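Colleague: Quick one: sequence plus predicted model below, questions after.
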Amino acid sequence: MIVLGIETSCDETAAAVVRREPDGRGTILSNVVLSQIAEHAAFGGVVPEIAARAHVAALDGIVAAAMAEADVGFGDLDAVAGTAGPGLIGGLIVGLSTAKAIAFAAGKPLVAVNHLEGHALTARLTDGLAFPYLLLLVSGGHSQILLVAGVGDYRRLGTTIDDALGEAFDKTAKLLSLAYPGGPAVERAAASGDPARFALPRPMLGRPGCDFSFSGLKTALRVEAEAAAPLSEADVADLCAGFQAAVTDVVRDRVGRAMAGFAAEFPGVDAPALVLAGGVAANRAIRTGLAEEAQKRGFRLVAPPGNLCTDNGAMIAWAGIERLSQGLADGLDAPARPRWPLDALSEPAYGAGR
Ligand code: ATP
Ligand code: MG
Ligand code: FE
């Protein structure tokens, strides 16, 4: 089974061709990603209208490149998968319309993929992981802990009640006049900083459930930064180190609770997996903290390669393969959905009592 996947939900224009092998594993035949970071850098964040126009300008060429690199024609495809949401509406319309046009012209089924499902299933493409497993998705737009129980069967155990973690990194960088995107810049600055110099809060630590909150930390950081101004390079390093240590503690605590809940619900799963996804998963302090927590609880940490953790077309093609294998395809009237939660939202999170 061969599927073309198209991803345009945020600031990456991406297309990929993935083939499912007879043993169920996936082979990435091509995976072309064009990042728009340069277009948005001057604004310190993604500008939706600029993103949509950049997708229009780039997508045809990116799809052609992905097809050429995979050495397949549209007639060789079993389906075309496109991200239908959640994300920025302009970009979603560009990518989904393109997927529909190719599917219609080639007479192939369309699979309208939920972007989060793409992230959730990537570990099955890369590591052949069996259900169920836990997923921590931390990116510029999302901070979620998901229970991945099967194709189309996801339970959101925790989410942010305000900012996404990547957004918190980006805002911290902006406040401290560091480069965009903020995550790598904050991590670099933190390397030489003293995490204990500024007393920053750990929001939600020890609370029931698995939700996140980062806006209070952001405010506390701003207050400390203003009090210490004008900031030397060492001040900036200490603030970054303090911020990174605080979010690492919070992520460990929240994910630790999810692991405890998972172990109680699925006692029969031997060496269960915690999968990392999203750009923030590249952060080494957070990774180290999670590795310690996972080891303590008998979980193994599964971190797909960085280019498959951030937004890409291969994860959309793979989600298309998984859905098509279950007989799930969509009509050409499938809508773009800026908001599209992955779970039914009916199941309570571990210990949250709701
Ligand atoms: P979406 O949320 O829809 O997946 P996105 O483009 O925001 O889209 P990604 O491309 O996966 O998501 O991740 C980008 C985010 O990851 C940015 O907020 C960036 O600051 C953050 N990030 C990248 N590298 C690091 C790092 N080393 N440490 C912390 N954060 C990082
Ligand atoms: Mg991105
Ligand atoms: Fe994403």
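Modeller: Done, it's in. Ligands and ions are numbered 1, 2, ... in the order given.
Colleague: CA only for contacts and neighbour counts going forward, please
Modeller: Will do.
Colleague: Tell me what the nearest residue to L96 once chain neighbours are set aside is bridged to.
Modeller: Among residues not flanking L96 along the chain, G82 sits closest, at 5.2 Å (Cα to Cα, 6 or more residues apart in numbering). Counting by DSSP bridges, G82 forms beta bridges with I6, A112.
Colleague: Look up how far ligand 1 lies from G82.
Modeller: Noted for G82: a distance of 14 Å to ligand 1, by Cα to the nearest ligand atom, to the nearest Å.
Colleague: I figured that residue was touching I6, is that so?
Modeller: Yes: between G82 and I6 there is a contact at 4.7 Å, judged by Cα atoms under 8 Å.
Colleague: joint contacts of those two?
Modeller: Common neighbours of G82 and I6 (criterion: Cα atoms under 8 Å, 6 or more residues apart in numbering): G95, L96, A99, I316, A317.
Colleague: ok but the fourth one is inside a helix, no?
Modeller: Yes: with the criterion set as DSSP: H, G, I helix; E, B strand; the rest coil, the secondary structure at I316 is a helix.
Colleague: Contacts only, for it.
Modeller: G5, I6, E7, A81, G82, T83, V113, H115, G118.
Colleague: Tally up the residues packed near the fifth one, please.
Modeller: Going back to what we said before, that points to G82. For G82, the tally of surrounding residues (other Cα atoms under 10 Å) stands at 34.
Colleague: go on, D163?
Modeller: Using other Cα under 10 Å, D163 has 21 neighbouring residues.
Colleague: Over to R337?
Modeller: So R337, with other Cα under 10 Å, has 17 neighbours.
Colleague: does it count as helix, strand or coil?
Modeller: On the basis of three-state DSSP, R337 is classed as coil.
Colleague: any idea how far it is from ligand 1?
Modeller: 13 Å.
Colleague: Which pLDDT does the model give that residue?
Modeller: Note on R337: pLDDT of 96.
Colleague: G90 is in contact with that one, correct?
Modeller: No: counting by Cα under 8 Å, R337 does not reach G90; the two are 10.5 Å apart.
Colleague: For P341, give me phi and psi.
Modeller: phi -60, psi 140 (degrees, to the nearest 10).
Colleague: list the contacts for it?
Modeller: The contact partners of P341, taken as Cα under 8 Å, 6+ apart, are P86.
Colleague: correct me, but P203 touches F214?
Modeller: Yes: the pair P203 / F214 is scored as a contact, 6.7 Å apart, by Cα under 8 Å.
Colleague: More neighbours: those two, which one.
Modeller: Neighbour totals were compared for P203 and F214, and F214 leads with 23 against 18 (other Cα under 10 Å).
Colleague: Around ligand 1, pick out the residues from the chain.
Modeller: Counting by Cα under 6 Å from any ligand atom, the chain comes close to ligand 1 at 10-11, 139-142, 166-167, 169-170, 181-184, 187, 278-280, 282-283, 310-311.
Colleague: immediately after the one helix or strand E39 maps to, which helix or strand?
Modeller: Assigned by DSSP states H and E, E39 belongs to helix 37-41. Scanning forward in sequence from helix 37-41 by DSSP H and E, the next helix or strand is helix 48-70.
Colleague: That next one: how far from the chain's middle?
Modeller: Counting by Cα atoms, centre = their mean, to the nearest Å, helix 48-70 is centred 20 Å from the centre of its parent chain.
Colleague: again, but for stretch 112-123
Modeller: 9 Å.
Colleague: now for the longest helix belonging to the chain, which elements pack on it?
Modeller: Determined from DSSP state H, the single longest helix within the chain is helix 233-265. Packing partners of helix 233-265 (3 or more Cα pairs under 8 Å, 6 or more residues apart in numbering; DSSP states H and E): strand 133-138, helix 182-190, helix 215-228, helix 284-296.
Colleague: and D194, what element?
Modeller: Under the criterion of DSSP H and E, D194 resides outside all helices and strands.
Colleague: How confident was the prediction at it?
Modeller: On the pLDDT scale, D194 is placed at 98.
Colleague: who's in contact with the residue lying closest to S35 once chain neighbours are set aside?
Modeller: Nearest non-adjacent residue to S35, counting by Cα to Cα, 6+ apart: E12, 4.6 Å away. Counting by Cα under 8 Å, 6+ apart, E12 makes contact with V33, L34, S35, Q36, D311, N312.
Colleague: For the fifth one, grab the count of nearby residues.
Modeller: Put plainly, it is D311. A count of nearby residues for D311, using other Cα under 10 Å, gives 27.
Colleague: Thank you kindly, that will do.
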